[in-house]
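Participant: One predicted model, sequence on top.
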Amino acid sequence: MRDTLRERLRALRADTLAVYFAARDPRLPWRVRLVALAVAAYALSPIDLIPDFVPVLGLLDDLLLLPLGIALVIRLTPPEVLADARRKAQATVERPRSLAGAAAVVAVWLLMAVAAAVWFARVAAIPRA
């Protein structure tokens, strides 16, 4: 059961990316493109319609709205556009990830935040005339 859930989550991720790539394709009709952009923005946005900390309903919107929106976009998208979008999504999903690279980016951001905090503390400590 765990492997099945994992496979479904991978498929959902790939379909979300396919919707994103389809939304950027100029061959997609503009009405479908608007729906695809809205679905992709909702899927990739950290802001939810109902916040996740609300018991049951917080996760229910993600479990219902996202698959329904993705299914709608997939149904409305022309087959050739969908095939290209799925190919791009699969290439993105299969691309190797570098944990060392991610750690380096996080380290640089943390160093910049510390440097900014020190700078602001020094500027605030300067006596004004």
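Facilitator: Sure thing, it's come through.
Participant: Let me know how buried A38 is, in neighbour terms.
Facilitator: Per other CB atoms under 10 Å, the neighbour tally for A38 reads 14. C-beta here means a position set from N, CA and C on the backbone, and glycine is covered the same way.
Participant: same check, this time on the one 3 residues further on
Facilitator: By the other CB under 10 Å criterion, the neighbourhood of A41 contains 12 residues.
Participant: ok, then the element right after the helix or strand hosting it?
Facilitator: In the assignment (DSSP states H and E), A41 maps to helix 30-44. Sequence order places helix 57-76 as the next helix or strand after helix 30-44, per DSSP H and E.
Participant: quick revisit: could you check the angle the helix holding A41 makes with helix 57-76?
Facilitator: In terms of direction (axes from the mean of the first three to the mean of the last three CA atoms, to 10 degrees), helix 30-44 departs from helix 57-76 by 150 degrees.
Participant: now what about helix 30-44, what contacts it?
Facilitator: Contacts of helix 30-44 with the rest of the structure, by CB atoms under 8 Å, 6 or more residues apart in numbering, involve 16, 19-20, 22-23, 28, 49, 65-66, 69-70, 72-73, 76-77.
Participant: Kindly report the same for stretch 74-94.
Facilitator: Taking CB under 8 Å, 6+ apart as the rule, stretch 74-94 contacts 10, 13-15, 17-22, 25, 27-29, 32, 35-36.
Participant: Try it again at 6 Å.
Facilitator: When contacts are defined by CB atoms under 6 Å, 6 or more residues apart in numbering, stretch 74-94 is touched by residues A14, L17, A18, F21, A22, D25, R27, L28, V32.
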